[in-house]
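Asker: Generate coordinates for the sequence data below:
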Amino acid sequence: MEYKTQEEYLLALAEAIKYLNPKDATKVLQYYQTRITTSIEYGEKEEDVIRKLPDVEQVAKETYESHGVNYLELRKIKLKRQKIVRGIISAIIS
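Answerer: Numbering: from 1, shown residues only. Reported below is the predicted structural model:
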């Protein structure tokens, strides 16, 4: 997914690393926020800075792996939950 603002990117990143220890998640978010802010202060356009950043899912995967969390298993659980919720909503609407 392509993000246009730092807010969009950071919100997506926060969602992607929500299973991480809150203290570690905060460090990751602060790192990327500082990286974005610094680049903007040096004259780069926000959209260009965001475009150059690594994909949120890749950052999440690497972050989880570096903290010993099985990212693929978390993704499977998340997708399974989404499927269940969609099924419930579909049944309610029907």
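Asker: Now Leu74. Nearest residue, chain neighbours left out?
Answerer: In space, and not counting its chain neighbours, Leu74 is closest to Tyr19: 5.4 Å by C-beta to C-beta, 6 or more residues apart in numbering. Any C-beta I mention is one placed from the backbone N, CA and C, and that applies to glycine too.
Asker: quick one, what contacts the spatially closest residue to Asn21 that is not a sequence neighbour?
Answerer: In space, and not counting its chain neighbours, Asn21 is closest to His67: 7.2 Å by C-beta to C-beta, 6+ apart. For His67, the contacting residues are Leu20, Asn21, Asp24, by C-beta atoms under 8 Å, 6 or more residues apart in numbering.
Asker: 10 Å - rerun?
Answerer: Applying C-beta atoms under 10 Å, 6 or more residues apart in numbering, one finds that His67 lies in contact with Ile17, Tyr19, Leu20, Asn21, Asp24, Ala25, Val28.
Asker: Ramachandran coordinates for the first one?
Answerer: The phi and psi values for Ile17, taken as degrees, to the nearest 10, are phi -110, psi 20.
Asker: Against Glu7, how distant is it?
Answerer: Separation of Ile17 from Glu7 (C-beta to C-beta, to the nearest Å) stands at 16 Å.
Asker: Show me which of those two is the more surrounded one.
Answerer: With neighbours defined as other C-beta atoms under 10 Å, Ile17 and Glu7 compare such that Ile17 has more, 25 against 13.
Asker: Gln33 versus the more buried one, what's the distance?
Answerer: Separation of Ile17 from Gln33 (C-beta to C-beta): 13 Å.
Asker: Check Tyr9 too.
Answerer: Tyr9 sits at a distance of 9 Å from Gln33 (criterion: C-beta to C-beta).
Asker: what does Glu46 give?
Answerer: Per C-beta to C-beta, Glu46 is found 12 Å from Gln33.
Asker: Show me the common contact partners of the two, please.
Answerer: Gln6, Glu7, Tyr9.
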